[in-house]
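Student: can't give you the sequence, but here's the structure:
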């Protein structure tokens with residue numbers, strides 16, 4: 001932030017020693033140290049919050065991309081399934097039409113009458129009693 005060199009720090013320290021005095025200088029230095037520490041922690045927290053927000057935005061963009069790709073893939077799969085289904089329906093219909101066209105020309109299996117069992121009558125060699 002500020003470009004403060006070692007010589008400038010010495011000048012600031014001497015002016016503080018003269019203005020504040022040697023008795024209160026340690027207390028003021030300690031207070032300034034605490035305030036600078038709080039300032040550094042605050043700046044660090046702000047940086048980490050900004051970093052988290054940026055990562056969150058990147059994750060949201062990535063999530064949107066993945067969702068978009070998933071929708072596209074689902075659309076392609078549905079289109080393929082529809083084309084396969086229509087092809088299958090067409091081939092089934094064609095098979096049914098071919099079978100219907102062949103049905104009148106082809107005779108069905110010959111149906112033979114079932115043999116009937118008649119009751120045994122008298123034997124021809126033996127006279128009936």
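Tutor: That came in fine, so what should we check first? Because the structure is predicted, anything quoted here is derived from the model rather than measured. Numbering: from 1, shown residues only.
Student: low-scoring stretches of the protein, by residue?
Tutor: 1-2, 103-129 (pLDDT under 70).
Student: try it again with 90
Tutor: Within the chain, the stretches with pLDDT under 90 are 1-6, 8-10, 12-14, 16-18, 20-22, 25-26, 28-29, 93-129.
Student: just the strands in it please.
Tutor: Read by DSSP state E, the chain holds no strands at all.
Student: for it, longest helix please?
Tutor: helix 25-102 (DSSP state H).
Student: what's the distance between residue 52 and residue 91?
Tutor: Separation of residue 52 from residue 91 (CB to CB, to the nearest Å): 58 Å. Where C-beta positions appear, they are placed from N, C-alpha and C, glycine not excepted.
Student: I'd assumed residue 17 was in contact with residue 25.
Tutor: Yes. With contacts counted by CB atoms under 8 Å, residue 25 reaches residue 17, the gap being 5.8 Å.
Student: got the phi/psi numbers for residue 22?
Tutor: phi -70, psi -20 (degrees, to the nearest 10).
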